[in-house]
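Undergrad: Here is my input; please provide its structure:
(2 chains)
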Amino acid sequence: DAMVIQNPRYQVTQFGKPVTLSCSQTLNHNVMYWYQQKSSQAPKLLFHYYDKDFNNEADTPDNFQSRRPNTSFCFLDIRSPGLGDAAMYLCATARRAVNQPQHFGDGTRLSIL
Amino acid sequence: QQQVKQSPQSLIVQKGGIPIINCAYENTAFDYFPWYQQFPGKGPALLIAIRPDVSEKKEGRFTISFNKSAKQFSLHIMDSQPGDSATYFCASGDSSYKLIFGSGTRLLVRP
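TA: Down below sits the predicted model:
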């Protein structure tokens, strides 16, 4: 009964080779988030959507992009991954109302060769 | 002003002990304070949350204490169990739908 599903759970790519991570949700939540989490650190927000309205964090690298084709799905595209992009990538969703909890998926662990 | 400071970085207690994790915030616009629990290889899961109109909230063995004037809040885990060993993150939110996370506390509960 997983509600926020991330695929794949583990992804290996080569330095500079584009990669796409996916997230789907069954909660019908309006807001979706992408976070980057490095070992022993807090999740770092990359961007989020209110419905289809895209909001980029000021310090998100330019080679990170996202698409949300519909309410249920959201994608994270890394155009030219560098070694520093190796991390866990977390997707989360929330209802579009104040003080709502964020529901996280179990993440995709990205390794760069 | 957007930071949330969390301490300690790591904590070891014996089974049955009461670990306490503390967080402090600066932005008075924050009005939502959740705690998340994260196990290795899993995403963070909401544990308990509080709003500034109450000073304490209990859910099972987990209690949040909130001090609005000091801009601090803390998580207490009663009768801690080895299964509680995880990383705990506090967070603060406002009307922007975003959360600012603390740096995390790695808790180990020894049998």
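Undergrad: Pick out the residue nearest the middle of chain A.
TA: residue A:34 (3.0 Å; CA atoms, centre = their mean).
Undergrad: list the contacts for the residue lying closest to that one once chain neighbours are set aside?
TA: Leaving aside its chain neighbours, residue A:34 sits nearest to residue A:46 (4.6 Å; criterion: CB to CB, 6 or more residues apart in numbering or on different chains). All C-beta spots, glycine's among them, are computed from the backbone N, C-alpha and C. Contacts here follow CB atoms under 8 Å, 6 or more residues apart in numbering or on different chains; on that basis residue A:46 touches A:34, A:35, A:36, A:56, A:57, A:60, A:64, A:66, A:76.
Undergrad: Hmm, residue A:113 and residue A:13 touching each other?
TA: Yes. Judged on CB atoms under 8 Å, residue A:13 makes contact with residue A:113 at a distance of 7.2 Å.
Undergrad: Looks to me like residue A:62 is in a strand.
TA: No. Using DSSP: H, G, I helix; E, B strand; the rest coil, the secondary structure at residue A:62 is coil, not a strand.
Undergrad: how close does it get to chain B?
TA: 21 Å (CB to the nearest CB, to the nearest Å).
Undergrad: any idea of the pLDDT on that residue?
TA: Per-residue pLDDT puts residue A:62 at 93.
Undergrad: If you count contacts, what does the strand or helix carrying residue B:100 end up packed against?
TA: Using DSSP states H and E, the element containing residue B:100 is strand B:99-101. Contacts defined by 3 or more CB pairs under 8 Å, 6 or more residues apart in numbering or on different chains; DSSP states H and E place strand B:99-101 against strand B:86-93.
Undergrad: neighbouring contacts of the strand it packs on?
TA: With contact meaning CB under 8 Å, 6+ apart, strand B:86-93 is reached by A:40, A:42-43, A:99, B:4, B:6, B:21, B:23, B:25, B:27, B:30-39, B:44, B:47, B:73, B:75, B:99-102, B:104-107.
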